[in-house]
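1. Return atomic coordinates for the entry below.
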Amino acid sequence: MRPKNPTPIYIDMARAHLIVSTVSLEFAVPEAGILSRLKGTSETSYSRQIAMYLMHCIFGTSKTRIAEVFGRHFSTVSHACKVIEESRDDPVLDGKLISLENRLRHVSDVQMPKYDGSV
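-> A predicted model of the protein is given here:
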């Protein structure tokens, strides 16, 4: 039996949208394409792989949860992480990934006020 994911799905979905927005801006690929169930262009697919990789690296989100959030199969997420990790040998891409990681880590360190249910 798998342990229950301690992070609520809506948190992981918000994190995914934050990452997708950031990747979309950096690589000039529409957010809708990255989130689409269709494969899309090679640029779109690569941007999606980067987004899945960043979600795993920055937030430590399980590949199973990333697959759920992105509407993909677990093996697709594993493949994406492998492809991007191997691509880090390119200094230009590695620099972009480091910049994205730093920006996203900074944003994720900001503490949001607790919602108490009142309106």
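
2. Identify each buried residue in the lowest-mean-pLDDT helix or strand in the chain, please.
-> Ranking every helix and strand in the chain by mean pLDDT, DSSP states H and E puts helix 91-109 at the bottom, with a mean of 90. Neighbour counts over helix 91-109 (16 or more other Cβ atoms under 10 Å) mark 97, 100, 104 as buried. C-beta here means a position set from N, CA and C on the backbone, and glycine is covered the same way.

3. Go through those residues and name the one nearest C81.
-> Within the buried residues of helix 91-109, proximity to C81 (Cβ to Cβ) peaks at L97, which comes in at 12.2 Å.

4. any weak-confidence spans in this protein?
-> Residue ranges of the chain with pLDDT under 70: 1-5, 109-119.

5. repeat that with 50
-> Under the criterion pLDDT under 50, the flagged ranges of the chain are 1, 119.

6. if we can go back for a sec, relative to E86, which of the buried residues of helix 91-109 is nearest.
-> Using Cβ to Cβ, L97 comes nearest to E86 of the buried residues of helix 91-109, at 12.3 Å.

7. residues in contact with that closest one?
-> Contact analysis of L97 by Cβ atoms under 8 Å, 6 or more residues apart in numbering lists 50, 54, 84, 88.

8. mind redoing it with 7 Å?
-> Shown in contact with L97 (Cβ atoms under 7 Å, 6 or more residues apart in numbering): R88.

9. S21 is in contact with A32, isn't it?
-> No - contact between S21 and A32 fails when scored by Cβ atoms under 7 Å: they sit 11.4 Å apart.

10. how about the helices in the protein?
-> Secondary structure of the chain (DSSP state H): helices at 9-27, 31-35, 42-59, 63-70, 74-87, 91-109.

11. Pick the most buried one from these.
-> helix 42-59 (a mean of 21; mean count of other Cβ atoms under 10 Å).

12. Distance of E86 relative to Y53?
-> E86 is 11 Å from Y53, where distance means Cβ to Cβ, to the nearest Å.
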